[in-house]
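J.: Fold the following and give me the result.
(2 chains)
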Amino acid sequence: MNSRLFGETSSISSATVKKNRISEKIFFGLIWGAALITVIILIAIVGHVLINGLSHLSLQFLTQDPENMGKEGGIFSIIITTLYLAIFSLVIAVPVGVSAAIFLTEYAKEGPIIRIIRFGTEALAGIPSIIYGLFGFVFFVVLLKFKYSIVSGGLTLTLMILPTIIRTAEEAIKMVPRSYREGSLALGATKWQTIYKVVLPAAIPGILTGIILGVGRVVGETAAVIYTAGSSLGLPDSIWRPGRTMAVHLYILASEGLSKSNMYATATVLIITVFIINFAATKLMKKFIR
Amino acid sequence: MKTYERIIQLFLFLCALIAVLGVILITFFIVKEGWPVIQKVGFFNFILGKQWAPTQQIYGIYPMILGSVYATVGALILGVPIGVGCAVFLAEIAKPRIANIIRPGIELLAGIPSVVYGLYGLVVIVPFIRKVFHNQGFSILAGSIILAIMILPTIINISESAIRSVPRDYKEASLALGGSHWQAIYKVIVPAARSGIMSGIILGMGRAIGETMAIIMITGNSTLMPESILSPIRTLTGNIGIEMGYASGEHQQALFATGVILFIFIMILNVVANLMPKRVGE
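T.: Sure, this is the predicted structure:
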């Protein structure tokens, strides 16, 4: 076997070697090209928005309400609506999601129930946002008579970000060392006391990462929000009132061609928000791993 | 104390069930609202009908199914080579310093809201296509380009971790046999990681087929049958997204019926993704 292999290797002609060299160059060229294209795309999109938007961004834009259908004025009421929606959906999704993660990691034994819950979480993550919009509309807006409101939008988004919260919390809880739990149990603490006082505090940075990623989804979402929270421009004075989020505002400005400067300024605010969210999430994750 | 612990465990269990309950509720209500129209028109007339004229109660979504499939296939043709190539670059070629610059960039790409992609498509890609091909610009091509960009992060992230999870021995064995680095990548590492790469591609497909707002902004939303990659199209998601704003009665139910078909597509992808072996060599 060995001698045959070596015999073959030594008989490779110089032409084959040359051909291999060329293939190698082409191969690495293509790989570098793919990476380069990815970077160029990112720079092109972010650059385009920032170059056209930063000059229109001002303190007034952030602190004034939109006027004349958003053609003039700023996006103050829109930022507030976005915040309302994010807070509302997190207030429900975080306790439910973290509890679900605790159950999945600390209590559940492998079996059909776990598999069903896992499947449900994965399926929920794969459902397109427009389907969430349809469901939120028929269930929360029409059937439960919540109308177009922060409540309808927030509950729809709660379901949407639940898989993200569950998954990241699960990862975070799993990463807490066994010795923490054993130490606590050895001191006479019950299982729940151990989870509540030892495991959860240790897992908080990881859980926070999930929360931040959830905020990112809420901020960027359009299809699920527009048919549940509505798109009215005023500042919602209660959670039962409709409102317009930043992404919905950008969609309407762009697709109706209302105002180029406000469109780019809104897109810039969105991108900067995503920047901050990603930065915070990575920072937290690093802290957690260390 | 014992009952207290039991109550907590029950509460945690109920929270874990909410995700399942959500899926059941969503499925139930989409099907319940959409079913009457599917039943009235007939399932096959609905999915194979070439005409969509809600004012005349004619509901055929064949052009939209084609629209979704074409845009998604186009996105895969453009996005998969770039995505997998970039994943190989990050996992095998890039120095850690460079990879650590590119990776946050890809996270950023994943975080950019779809309307921003739609905006970019609308003001850059569509006018570009209009200029080059002297047509209206809104087209399958425009949709495919933007969708390809949107699915890149999914494909790159999942492929990279699949490539990284290939045991070192595989690569070392290939190198020890006299293969060069690129032969090891091309003939050993990528084939060993193919199931992981495939699930990345399938997840990317799911994202492409489900995308709504960006696609509405750049595909032209015509309900006619697409003839070439430069034809305007309307996707399944686009059909719902555009007309939900004003539809009522049976028309609205027809949009839910469109949602049912979209749902079936997504579920098939989910099942296929679940069937994919998770580990190398299985």
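
J.: Now residue A:123: which helix or strand?
T.: With secondary structure defined by DSSP states H and E, residue A:123 is part of helix A:112-126.

J.: So which bits of the stretch 51-200 of chain A are right by chain B?
T.: Within the stretch 51-200 of chain A, the positions adjacent to chain B are A:95-97, A:99-100, A:102-104, A:107-108, A:116-117, A:119-124, A:126-135, A:137-139, A:143, A:159, A:162-163, A:166, A:190-192 by CB under 8 Å from any CB of the partner chain. The C-beta positions use only the backbone N, C-alpha and C, and glycine is treated the same way.

J.: again, only using 7 Å
T.: Contact residues (CB under 7 Å from any CB of the partner chain) of the stretch 51-200 of chain A with chain B: A:96, A:99-100, A:102-104, A:107, A:116-117, A:120-124, A:126-131, A:134-135, A:138-139, A:159, A:162-163, A:166, A:190-192.

J.: residues of the helix or strand following the helix holding residue A:123 that come out buried?
T.: Scanning the chain past helix A:112-126 towards its C-terminal end, the next helix or strand to appear is helix A:129-136 (assignment: DSSP H and E). With burial defined by 16 or more other CB atoms under 10 Å in any protein chain shown, the residues of helix A:129-136 counted as buried are A:129-136.

J.: Show me how far helix A:129-136 is from its chain's centre.
T.: Averaged C-alpha coordinates place helix A:129-136 at 17 Å from its chain's average position (CA atoms, centre = their mean, to the nearest Å).

J.: Which strands and helices lie in contact with that helix?
T.: For helix A:129-136, the contact count by 3 or more CB pairs under 7 Å, 6 or more residues apart in numbering or on different chains; DSSP states H and E identifies helix A:150-174, helix A:223-226, helix B:2-41, helix B:236-243, helix B:249-275 as packing neighbours.

J.: Which residues lie in contact with residue B:232 in this structure?
T.: For residue B:232, the contacting residues are B:136, B:138-139, B:219-222, by CB atoms under 7 Å, 6 or more residues apart in numbering or on different chains.

J.: In chain A, where is pLDDT below threshold?
T.: For chain A, residues meeting the criterion pLDDT under 70 lie at A:1-13, A:288-290.

J.: ok so, going back, are any of the residues of the stretch 51-200 of chain A next to chain B buried, and which?
T.: Applying 16+ other CB under 10 Å to these, the neighbour count classes A:96, A:99-100, A:102-104, A:107, A:117, A:120-124, A:126-131, A:134-135, A:138-139, A:159, A:162-163, A:166, A:191-192 as buried.

J.: all helices for chain A, in order.
T.: Listed in chain order, the helices of chain A (DSSP state H) span residues A:2-10, A:14-53, A:59-63, A:76-102, A:112-126, A:129-136, A:150-174, A:178-186, A:191-194, A:200-220, A:223-226, A:246-255, A:260-289.

J.: Got the domain ranges for chain A?
T.: A:14-56, A:59-289 (automatic domain parsing).

J.: Can you tell me which of those domains is most buried?
T.: Sort the domains of chain A by mean neighbour count, taking mean count of other CB atoms under 10 Å in any protein chain shown, and domain A:59-289 sits at the top with a mean of 20.

J.: before we move on, the earlier item: take the buried residues of helix A:129-136 and lay them out in JSON lines including distance to residue B:58.
T.: Formatted as JSON lines, the entries for the buried residues of helix A:129-136 read as follows, by distance: CB to CB, whole Å:
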{"residue": "A:129", "distance to residue B:58": "28"}
{"residue": "A:130", "distance to residue B:58": "23"}
{"residue": "A:131", "distance to residue B:58": "24"}
{"residue": "A:132", "distance to residue B:58": "28"}
{"residue": "A:133", "distance to residue B:58": "25"}
{"residue": "A:134", "distance to residue B:58": "21"}
{"residue": "A:135", "distance to residue B:58": "26"}
{"residue": "A:136", "distance to residue B:58": "28"}
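
J.: was I right about residue A:133 contacting residue A:230?
T.: No. When contacts are counted by CB atoms under 7 Å, residue A:133 is not listed as touching residue A:230 (11.5 Å).

J.: Could you find the closest non-adjacent residue to the residue of the stretch 1-150 of chain B found nearest chain A?
T.: Among all residues of the stretch 1-150 of chain B, residue B:85 sits closest to chain A, at 2.6 Å; criterion: CB to the nearest CB. Closest residue in space to residue B:85, ignoring its immediate chain neighbours: residue A:34 at 2.6 Å, by CB to CB, 6 or more residues apart in numbering or on different chains.
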